[in-house]
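Got a sequence here, can you model it:
(chains A and B)
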Number of protein chains: 2
Amino acid sequence: MVEQEVREKAQNAREAARRLASLSTEVKDRALLAMADSLIKSTGAILGANEEDVRAGRDKGLSRSLIDRLLLTPERIEDMAAGLRAVAALPDPVGETEHAWQRPNGLQIGRRRVPLGVVGMIYEARPNVTVDAAGLCLKAGNAVVLRGGSEAINSNRTIAAIIALAAEKAGIPKGAISMIENTDREAVNVMLKLNGLLDVLIPRGGAGLIRMVVQNATVPVIETGVGNCHVYVDEGADLEMARAIVINAKCQRPGVCNAMETLLVHRSAAGELLPGLLEKLKEAGVEVRGCAATRELVSWVTPAAEEDWATEYLDLILAVRVVDSLDEAMDHIYRYGTRHSEAIVTGDYARAQRFLREVDAAAVYVNASTRFTDGYQYGFGAEIGISTQKLHARGPMGLKELTTYKYVVYGEGQIRS
Amino acid sequence: MVEQEVREKAQNAREAARRLASLSTEVKDRALLAMADSLIKSTGAILGANEEDVRAGRDKGLSRSLIDRLLLTPERIEDMAAGLRAVAALPDPVGETEHAWQRPNGLQIGRRRVPLGVVGMIYEARPNVTVDAAGLCLKAGNAVVLRGGSEAINSNRTIAAIIALAAEKAGIPKGAISMIENTDREAVNVMLKLNGLLDVLIPRGGAGLIRMVVQNATVPVIETGVGNCHVYVDEGADLEMARAIVINAKCQRPGVCNAMETLLVHRSAAGELLPGLLEKLKEAGVEVRGCAATRELVSWVTPAAEEDWATEYLDLILAVRVVDSLDEAMDHIYRYGTRHSEAIVTGDYARAQRFLREVDAAAVYVNASTRFTDGYQYGFGAEIGISTQKLHARGPMGLKELTTYKYVVYGEGQIRS
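Down below sits the predicted model:
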């Protein structure tokens, strides 16, 4: 029965995707605006459904931060609607011919952007993902099958019904936006194997969810997530700049994947930089775990264990290590990094270029905070997630990353000899 | 023990990949030329090893076509060497910044092409794939772990040793090209799960191999292969052009994925087109299986069963169906096609544009043979395979499709507020 619901929705999504692919931008944008209006008009119903989820969450003893993620307010509903309007205002990637050329035999070949088809979104407790994902998928011409966490099921079901109906009234094929209502874990397992019906799975949530999807899916997956990011302060770096970047990368929003988890400092800069900087971090509530050299300079720092170098804290905790060279810093990043975002603070041209070239990560920075790895900060106008894999898309993914391409070939009777 | 060999080679490949990523084009090209020279010089040794494989294959009763795929000759070795030289002559995709822009805060962001890392190639009985894959992966800055079919193990082992040694002498890091020597099936199973060591798997071979890899891999896969391709001859099409395209798409090389498997003909063109055309195909050795309307026009045609529409024959067999409209043709393609290559022959502008827009396939053609879906025909100068999936790459894959990108960000102390 679980399987039946999932298959049926995926099948309907596939049929809808076929027609969605040739819909005009105008129709899609009108639908996005209608969805936004409909969310605002249905604020009461959404808050009511959300209240049930929050009450059930409290009864189950969910943590305060989980309850906070779950909780909707009129402002948060306005934000979701504003998000849809912003997506409507973005350029449509579908139909763009990025490159076209002519072959010696006269064939005209063009590479044209087209939708992926059907996207399966698997996520956890944030009901706003329901709206974000539906809006971005629709704009890129994809149908979407949504599967949110069971904690948010009432909110998600209500929201999905509202936006799907608004979209349909505005001319979007029925089935283009659907939500799996069965909260059984088995529903996810069915989605993971729906090759032929789903074109891609995008898991969004904690490391456990993502690992489970990667390990078990036969449908292609875009892996998002884990960021064990580093800032390396080089010999001779501008220490004032270094301080500002380190504090920003650690403290501005510690719970996200592009926050710094380990600070690497060249030995020659450590004596002047660390005592004052670590004191400031401590004042900001950061727990600091350091290597022996760090602890010689700052006695209150607790010792870092091997596992600290490999941990994505997602919290106000920082590991600190003193290194003897750029090479040692890059070796550390190679060994422990997760290929997400890595930064060097330096005044040296050659070392800046080496760091950019030799560090393998979705984003590499000179003299800027790792916190910039973000679709909005990069100017994409949207973000469906940050890819940490190398296939298809790497780093922040916007609308274009929700599309693929096809080769369109104009001939005049050419045959192959 | 199998696991140990595979892990060790993948681990060495990963280490090699790190250094390979920053090697200059010059060094890589010199290595490719040295590999080519070394193949030619070792012709005797390669033919000797190949003889063992061919003898063992005959003893095992392999089919003549399999033995032919396995067999090496001095000419075939020269072709392999020529392939490496051609790859050396191609532009290097690595290091190209495709797009760069500045943000309002002054950050300079560039999207720079970088190697994928470590490619796992899993293939069957053709020893030339060993050379092709190694050459293309090397040029794109990737390490490669090769796993060929057990039938070709002596040839592959000898070839891989020769080219790996030549590459190493020319300055390529040890471990960049390696071949799994254990012919146990288990070796493939180990490769499928080597997340963290292998960045991508590319299976090349029959539908069974590819399905097995897609179904069981946790490492991301680029699916290549199955092509159930159609040519649709529209109402009012130039029938002489249609005849040439149909014969070319079916007969020029029937055993490959971009050959046509089903011919769709508009009812108004069927009477004039089919009798003569099917006669010609019959003379060329093609077995024709048709719908009822086709058989009314050409009595010797055998009836097509439902499964014929879904079959990739890879042989001199053709299914033929008469349809009443472009929509019926596109519905047929949607239902039975494998999203590989689809062609319309038409003189009508609007229907040509509709076909290009609405048919979902890696390559869509107006008035040209489906046989053009090929990296060389598209002008890529190389081909590692033809992707039939939508993530990462679609259609013919050249050197660029063996790379990914990273965002390179130049700052002046920017932090996020």
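
Ignoring the adjacent residues along the chain, who's closest to A:Asp29?
Spatial nearest neighbour of A:Asp29, chain neighbours left out: A:Ala88 (4.3 Å); criterion: C-beta to C-beta, 6 or more residues apart in numbering or on different chains. Backbone N, C-alpha and C define where each C-beta goes, glycine included.

tell me the domain boundaries of chain A?
A:2-223+A:392-410, A:229-372 (automatic domain parsing).

which helix is the longest one in chain A?
helix A:2-20 (DSSP state H).

residues of that helix that come out buried?
For helix A:2-20, burial by neighbour count (16 or more other C-beta atoms under 10 Å in any protein chain shown) applies to A:2, A:5-6, A:9-10, A:12-20.

Which residue ranges of the stretch 251-400 of chain A form helices?
Using DSSP state H, counting those that start in this stretch, the helices of the stretch 251-400 of chain A run over residues A:267-283, A:292-297, A:306-309, A:326-336, A:349-358.

Now do the contacts for A:Val214.
Counting by C-beta atoms under 8 Å, 6 or more residues apart in numbering or on different chains, A:Val214 makes contact with A:Pro203, A:Val221, A:Glu223, B:Asn195, B:Thr218.

between the residues you listed, which is closest to A:Glu52?
A:Pro203 (25.5 Å; C-beta to C-beta).

quick one, phi psi at the closest one?
Taking degrees, to the nearest 10, you get phi -80, psi 140 for the backbone angles of A:Pro203.

from the stretch 201-350 of chain A, which residue is nearest to chain B?
Going by C-beta to the nearest C-beta, chain B is nearest to A:Asn248 of the stretch 201-350 of chain A, at 3.6 Å.

what's the angle from the helix or strand hosting that residue to helix A:267-283?
Element membership for A:Asn248 (DSSP states H and E) is helix A:239-251. Relative orientation of helix A:239-251 versus helix A:267-283 (axes from the mean of the first three to the mean of the last three C-alpha atoms, to 10 degrees): 50 degrees.

Buried residues, helix A:239-251. List them.
Quick answer for helix A:239-251 (16+ other C-beta under 10 Å): A:Met241, A:Ala242, A:Arg243, A:Ala244, A:Ile245, A:Val246, A:Ile247, A:Asn248, A:Ala249, A:Lys250, A:Cys251.

Residues in contact with that helix: which ones?
Everything outside helix A:239-251 that qualifies as a contact, by C-beta under 8 Å, 6+ apart, is A:229, A:231, A:233, A:259-260, A:263, A:269, A:272-273, A:276-277, A:280-281, A:284, A:286, A:316, A:318, A:343, A:345, A:367-371, B:413, B:415-416.

OK, contacts around A:Phe411?
Actually, residue A:411 is Gly rather than Phe. So, once contact is read as C-beta under 8 Å, 6+ apart, A:Gly411 ends up touching A:Gly106, A:Leu107, A:Gln108, B:Tyr365, B:Val366, B:Asn367, B:Ala368.

if we go to 6 Å?
A:Leu107, B:Asn367, B:Ala368 (C-beta atoms under 6 Å, 6 or more residues apart in numbering or on different chains).

Top of those by number of neighbours, please.
Neighbour counts for the contacts of A:Gly411 (other C-beta atoms under 10 Å in any protein chain shown) peak at B:Ala368, which has 29 neighbours.

Now render the buried residues of helix A:2-20 as JSON lines, adding pLDDT.
Shown next, in JSON lines, are those (pLDDT from 0 to 100):
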{"residue": "A:Val2", "pLDDT": "91"}
{"residue": "A:Glu5", "pLDDT": "94"}
{"residue": "A:Val6", "pLDDT": "96"}
{"residue": "A:Lys9", "pLDDT": "97"}
{"residue": "A:Ala10", "pLDDT": "98"}
{"residue": "A:Asn12", "pLDDT": "98"}
{"residue": "A:Ala13", "pLDDT": "98"}
{"residue": "A:Arg14", "pLDDT": "97"}
{"residue": "A:Glu15", "pLDDT": "96"}
{"residue": "A:Ala16", "pLDDT": "98"}
{"residue": "A:Ala17", "pLDDT": "97"}
{"residue": "A:Arg18", "pLDDT": "96"}
{"residue": "A:Arg19", "pLDDT": "95"}
{"residue": "A:Leu20", "pLDDT": "97"}
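
in what helix or strand does the closest residue to A:Ile109 other than its chain neighbours lie?
Spatial nearest neighbour of A:Ile109, excluding adjacent residues (C-beta to C-beta, 6+ apart): A:Val409 at 5.2 Å. Per DSSP H and E, A:Val409 falls inside strand A:403-414.

Quick check: buried residues in that strand?
Neighbour-count burial for strand A:403-414 flags A:Thr403, A:Thr404, A:Tyr405, A:Lys406, A:Tyr407, A:Val408, A:Val409, A:Tyr410, A:Gly411, A:Gly413, A:Gln414 (criterion: 16+ other C-beta under 10 Å).
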